[in-house]
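**Q** pasting a predicted model and its sequence here:
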Amino acid sequence: MVKCTICGVREAFYARLYSGEKLCAKCFLESIEYKVRATIAKHKMFEFNDRIAVAVSGGKDSVSLLHILAKIEKDFPRASLNAIIVDEGIKGYRDEAIEIAAENSAKHGVTYTVISFKELYGFTLDEIAEITKSGDLTPCSYCGVLRRKALNMVAKRSGATKIATAHNLDDEIQTFMLNIIHGDPMRIARTGPTYNDEEPWFIPRVKPLCEVLEKEITLYAYLKGIRFQESPCPYASAALRNDVRNALNRLEEKHPGIKYTIYGSTEKIREAIRERKPKIHLNQCAVCGEPTTGEICQACQLLQKINVH
Ligand SMILES: [Zn+2]
Ligand SMILES: [Zn+2]
């Protein structure tokens, strides 16, 4: 039997190729939690008395994040944790996800708020998809923008001081590559482990899982017996992102550790851009008051398009 590199006692079951370690289940799980704690500390993601809103979709990443943050929060009695579940209104898909997200929140004694596109915007995503099917935008582009705004609104309403999202290392480097591919490298400045516009109506974002591989979060969720939604969203098309994901996975297979190298480069490039680029000033949207770089926020622009139909 191959013994675990860390404890030297139990049988190894997982080979972490990028580090050369062979890990037993217990040491693997601890290593993930340790890494998340280290990421939080390194990027100073939280204050001891933060009111943290976690965006929980019911997928493996967000449910694992909820699990880990609930554990960490026990050491900080003055901090609080709330889950925000956005119901986009996707028949036959979202209902299961909401049930899973609510079940996991309750399990950890975390209060949760469900907010729906329908009550916030007057349309479900299914209705938006139907109305806009002949247009040039996919349901995903509507969903992303409307979801972000919903999160910000609910977090603000509940007095949250931070929004935690479950983006993992793979998500981060895919987005980096996509920004390059789309010819929009300056956007890299507005992404990353933490993001704050330092405006009173903007709630800072943090991504505690941003240094964990997607594959290892999946493994974490399975080993912990965490229930999550496995089926992908029926609207998930994102063809280009999938190509980038596959390309990066192939590279990692051939050259273990390459994802971390790319991640390290994104960090350096982001720092360089942030230093040189004057800060973008955010305004309040003339329609809804939410933060925007222009006059009317992207969400309101999209909703105007739908209402015109
Ligand atoms: Zn071990
Ligand atoms: Zn607006």
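**A** Received it, and whenever you're ready, just let me know what you need. Ligands and ions are numbered 1, 2, ... in the order given.

**Q** neighbours around the closest residue to residue 234 other than its chain neighbours, how many?
**A** Setting aside the residues directly before and after it, residue 234 is nearest to residue 93 in space (CB to CB, 6 or more residues apart in numbering), at 5.6 Å. In this view, the C-beta of every residue, glycine as well, is placed from N, C-alpha and C. A count of neighbours around residue 93, defined by other CB atoms under 10 Å, yields 19.

**Q** please name the residues that touch residue 93.
**A** 231, 233, 234 (CB atoms under 8 Å, 6 or more residues apart in numbering).

**Q** which one of these is nearest to ligand 1?
**A** residue 231 (33.0 Å; CB to the ion).

**Q** and what about the residue in the stretch 101-250 of the chain that ligand 1 sits nearest to, helix, strand or coil?
**A** Across the stretch 101-250 of the chain, the shortest distance to ligand 1 (CB to the ion) belongs to residue 223, at 12.7 Å. Assigned with DSSP: H, G, I helix; E, B strand; the rest coil, residue 223 falls in the helix class.

**Q** need the per-residue pLDDT for it.
**A** For residue 223, the pLDDT comes out at 96.

**Q** residue 74 versus that one, what's the distance?
**A** From residue 223 across to residue 74, the span is 20 Å (CB to CB, to the nearest Å).

**Q** out of the two, which sits in the more crowded spot?
**A** Just comparing residue 223 and residue 74: by other CB under 10 Å the higher neighbour count belongs to residue 223, 15 against 11.

**Q** wait, the more buried one sits on residue 31?
**A** No: in terms of CB atoms under 8 Å, residue 223 does not count as a neighbour of residue 31; the distance is 11.6 Å.

**Q** how much space between the spatially closest residue to residue 3 that is not a sequence neighbour and ligand 1?
**A** Nearest residue to residue 3, sequence neighbours excluded (CB to CB, 6+ apart): residue 12, at 6.2 Å. According to CB to the ion, to the nearest Å, residue 12 and ligand 1 sit 7 Å apart.

**Q** so residue 12 sits against residue 26, correct?
**A** No: with contact defined as CB under 8 Å, residue 12 does not reach residue 26; the gap is 11.0 Å.

**Q** more neighbours: which of those two?
**A** Shown here are residue 12 and residue 26; by other CB under 10 Å, residue 12 has more neighbours (20 against 14).

**Q** next, the residue in the stretch 51-200 of the chain that ligand 2 sits nearest to: phi, psi?
**A** Here the stretch 51-200 of the chain gets closest to ligand 2 at one residue, residue 149, 7.3 Å apart by CB to the ion. Backbone torsions of residue 149, given as degrees, to the nearest 10, read phi -70, psi -40.

**Q** which ones are touching it?
**A** Residue 149 sits in contact with 288, 290, 297, 299, where contact means CB under 8 Å, 6+ apart.

**Q** can you narrow these to ones near ligand 2?
**A** Residues of the contacts of residue 149 in contact with ligand 2 (CB under 5 Å from the ion): 288, 290, 297.

**Q** so residue 113 sits in a strand?
**A** Yes: counting by three-state DSSP, residue 113 is part of a strand.

**Q** how many neighbouring residues does the residue lying closest to residue 292 once chain neighbours are set aside have?
**A** Nearest non-adjacent residue to residue 292, counting by CB to CB, 6+ apart: residue 285, 4.7 Å away. Applying other CB under 10 Å, we find 20 residues neighbouring residue 285.

**Q** residue 288 versus the residue nearest to residue 3, what's the distance?
**A** The spacing between residue 12 and residue 288, counted by CB to CB, is 53 Å.

**Q** for residue 145, same thing?
**A** The gap separating residue 145 from residue 288 is 12 Å, by CB to CB.

**Q** what's the answer for residue 170, then?
**A** Using CB to CB, we find residue 170 at a distance of 33 Å from residue 288.

**Q** between these two, which one's more packed in?
**A** Using other CB under 10 Å as the criterion, residue 170 and residue 288 rank with residue 170 on top: 23 against 14.

**Q** what sits closest to the more buried one if chain neighbours are left out?
**A** Residue 170 sits nearest to residue 214 (CB to CB, 6+ apart), 4.0 Å away.

**Q** isn't the one you found up against residue 173?
**A** No: counting by CB under 8 Å, residue 214 does not reach residue 173; the two are 10.2 Å apart.

**Q** more neighbours: which of these two?
**A** Between residue 214 and residue 173, counted using other CB under 10 Å, the more crowded position is residue 173 (23 against 19).

**Q** show me what contacts the more buried one?
**A** Contact analysis of residue 173 by CB under 8 Å, 6+ apart lists 248, 259, 262, 263, 266.

**Q** no more questions from me, cheers.
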